[in-house]
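# have a look at this prediction, sequence included:
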Amino acid sequence: MASRTVVCTLLLLGLGRAATAQIVDHRHVGGVTVLPQSVMNAIGQQRWFFTHASVGANMVQGMNDLNTANSTRYQLVTTWVDYVDTEMRADVPPATPAAGTIYESDRGNPGWADKLTIFDNSVQISGWRAPTVDAVMNKMCFIDQDAGAADYIASMTALQSSYPRTAFVYTTMPLRIEEDLDNVLRNQYNAAVRSHCAGGGWLLFDIADMEAWDPTGVQHTFQDGGQTYQKLYAGYSDDGGHLDATGQQRIAQGWYAMAAVLATDPIFANGFE
């Protein structure tokens, strides 16, 4: 599978210049409100599969809230997929998956290595891949600060190689508000995932970066060992980690920015062959 650097017209996202668009971060969130309706309609035909835990549930709530507020513009709806605990995989897809649907499976927090196994089994055994769905996404949670970024990357890379017509969307690990070692570890994990995606032209939904920038355009950071690290902006959370209504809407808008790349860029829309 050849590495590709994707360049799209970021006027669609409200940015003033063309740039590599495989990493969708805080810069793209605000532009979703001015995306052409034609792009939103194309997003409304997509089918996603998403494995997650509690912050993922916050994201799903944000997507539901956008749809409830304006279903003509925000057309994606969510559908629960059972998790088969004894087989470490999501349940099988429906016979006819519906367009405009995010199939979400809350597999909880069994441990970061098990999360990779669950996603792998869900794609390969249960069948959550193209042509059943267009895009698939496996997100770690903030409790997975010890997760191996190399293991996550290896899991995604192997699946991409096996199923080249499926859009595998990488995500960064959500942050917390604390200025501690755990948040340093989350940042280091995220840096490795960003580097991989930037170097290979892969799709990255940079949740952590969206969490770190407040609505006024200020990035929230802390210092440790002479390094600067991102932290969750406290205004997006009621408990220091999970997303409140404001945070949920922000990350949901980010999801639409990610979906817009799939809808408008032919490389990602048509697979990696």
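Ah, there it is.
# residues contacting residue 93?
Applying CB atoms under 8 Å, 6 or more residues apart in numbering to residue 93 gives the contacts 49, 81, 103, 126-128, 132-133. For glycine as for every other residue, the C-beta is placed from the backbone atoms N, C-alpha and C.
# do you know how far residue 93 is from residue 47?
Distance of residue 93 to residue 47, computed by CB to CB, to the nearest Å: 9 Å.
# same check, this time on residue 106
Plainly put, residue 106 is 18 Å away from residue 47 if you go by CB to CB.
# give me the more crowded residue out of these two.
More crowded of residue 106 and residue 47, by other CB atoms under 10 Å: residue 47, with 21 against 18.
# may I have the phi/psi pair for the residue lying closest to the more buried one once chain neighbours are set aside?
Excluding its sequence neighbours, the residue lying closest to residue 47 (CB to CB, 6 or more residues apart in numbering) is residue 133, at 4.3 Å. Torsion angles at residue 133 (phi, psi; degrees, to the nearest 10) stand at phi -130, psi 160.
# could you give me the ChimeraX selection string for whichever of the contacts of residue 93 are buried?
Listed next is the ChimeraX selection for buried residues among the contacts of residue 93, using 16 or more other CB atoms under 10 Å:
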select :49,81,103,126,128,132,133
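# how about the strands in the stretch 151-273 of the chain?
All strands of the stretch 151-273 of the chain, identified by DSSP state E, counting those that start in this stretch, fall at 167-171, 203-205, 221-224, 227-230.
# contacts for the third one, please.
Okay, so that is strand 221-224. Strand 221-224 has contacts (CB under 8 Å, 6+ apart) with 179, 181, 183-184, 212, 228-231.
# what is in contact with residue 93 and residue 47 at once?
With contacts defined as CB under 8 Å, 6+ apart, the residues shared by residue 93 and residue 47 are 103, 132-133.
# now residue 185: how far from residue 205?
Using CB to CB, one obtains 20 Å as the distance from residue 185 to residue 205.
# higher neighbour count, the two?
More crowded of residue 185 and residue 205, by other CB under 10 Å: residue 205, with 27 against 16.
# who touches the more buried one in this structure?
For residue 205, the contact set (CB under 8 Å, 6+ apart) comprises 24, 137, 169-172, 254-255, 258.
# cool, and residue 174?
Shown in contact with residue 174 (CB under 8 Å, 6+ apart): 55, 139-142, 186, 207-208, 211, 232, 241.
# circling back: any idea which of the contacts of residue 93 is closest to residue 248?
residue 103 (19.1 Å; CB to CB).
# could I get the CA-only coordinates of the helix or strand where that closest one lies as PDB?
Assigned by DSSP states H and E, residue 103 belongs to strand 101-106. Taking C-alpha atoms only, strand 101-106 is exported to PDB below (Å, rounded to 0.1, in the frame of the first residue of the first chain):
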ATOM      1  CA  THR A 101     -25.500   5.600  10.200                       C
ATOM      2  CA  ILE A 102     -22.700   5.300  12.900                       C
ATOM      3  CA  TYR A 103     -22.800   1.700  14.200                       C
ATOM      4  CA  GLU A 104     -21.300   2.100  17.700                       C
ATOM      5  CA  SER A 105     -20.200  -0.700  20.100                       C
ATOM      6  CA  ASP A 106     -19.400   0.200  23.700                       C
END
